[in-house]
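K.L.:
I would like to see how this sequence folds:
(one chain, ligands or ions: 1)
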Amino acid sequence: MVLSLGLTGCALTPPTVGGNRPTTVTASPSTPATPSPSASAPSSPTATPDATPTPDTRTGKQLNKPYEVRGIPVISKKHRISASYGPADPTGPNHLDAETAAALATMTAAAKADGVTVKVKSGYRSYAVQKASYDRALRTQPQNINFYAPPGASEHQTGLAVDLWDGRVWYRAMENTATGKWLHKHAHEYGFILRFPDGKEAITGVPYEPWHFRYIGTADALKFGKGNRLTLEEYLGLD
Ligand SMILES: [Zn+2]
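P.N.:
Residues are numbered from 1 along each chain as shown. Below you'll find the predicted structure:
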């Protein structure tokens, strides 16, 4: 079952981009114009699942930090990071964010206990490495370019994402391996979400990648469930 969460919240307030109705909020002259009619809602300091995300207005040096919504860093083609950003606390051979690495170790051990092998095919990638990979793909396989994040748009630069497999079967067929099936059923229990679900390219900007898992912590990942149909964009109410 997929929880609606942010989705239902979105329906309550008009989207910030696209379909914007030209509602001229002509407030009385004495009142400063308010951004939306929902401004009358109690301004709690704690973000609620229904809160409309603050738009990403970062420029210049602000791009040294990722765009965050409800404490979750969002890195994508729409929300990029600069070349100087990297994992705050990198660890291990894959240079992953420390908490991500710990969660991955726990998940890998749990899979092993079930007789399933989980290996990292790709962990942290620097901006420069991503750029080289993207530029090469542009030259050699432009038909597949959507699988390649442009530099600054890859979650791999944060150490929060991993490409996982069994060490043998790669690409789309990975989803039907024991490893793929196990991960698609259990990853969320360890704080990982399938970041690019099947049929959601219009939302994520990336085709289905059964191997790419993004750590967001169990509190949020558990709300995604094991259906692997919800995107981070939908969950956070991003357009
Ligand atoms: Zn990946």
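K.L.:
neighbours of the closest residue to the ion within the chain, just the number please.
P.N.:
Nearest to the ion, among the residues of the chain, is H212, at 3.6 Å (CB to the ion). Placement of C-beta: from N, CA and C, glycine included. The number of residues packed near H212 is 22, by other CB atoms under 10 Å.
K.L.:
so what's it closest to, chain neighbours aside?
P.N.:
Using CB to CB, 6 or more residues apart in numbering and skipping residues adjacent in sequence, the residue nearest H212 is R195, 5.1 Å away.
K.L.:
my guess is the one you found contacts L232. True?
P.N.:
Yes. If you go by CB atoms under 8 Å, R195 and L232 touch, sitting 6.6 Å apart.
K.L.:
secondary structure class for the closest residue to K121 other than its chain neighbours?
P.N.:
In space, and not counting its chain neighbours, K121 is closest to D163: 4.4 Å by CB to CB, 6+ apart. Under the three-state scheme (DSSP: H, G, I helix; E, B strand; the rest coil), D163 adopts strand.
K.L.:
could you report the neighbour count for D163?
P.N.:
19.
K.L.:
residues contacting it?
P.N.:
Listed by CB atoms under 8 Å, 6 or more residues apart in numbering, the contact partners of D163 are 120-123, 156, 209, 211-213.
K.L.:
of those, which is the most crowded?
P.N.:
Neighbour counts for the contacts of D163, by other CB under 10 Å, peak at F213, which reaches 30 neighbours.
K.L.:
dihedrals phi and psi, that residue?
P.N.:
Backbone torsions of F213, given as degrees, to the nearest 10, read phi -120, psi 140.
K.L.:
I'd like the distance between V206 and H156.
P.N.:
12 Å (CB to CB, to the nearest Å).
K.L.:
one step back: wait, the residue of the chain closest to the ion sits on S154?
P.N.:
No. Judged on CB under 8 Å, H212 makes no contact with S154 at a distance of 10.0 Å.
K.L.:
hey, what's in contact with both of the two?
P.N.:
When contacts are counted by CB under 8 Å, 6+ apart, H212 and S154 have A161 as shared neighbours.
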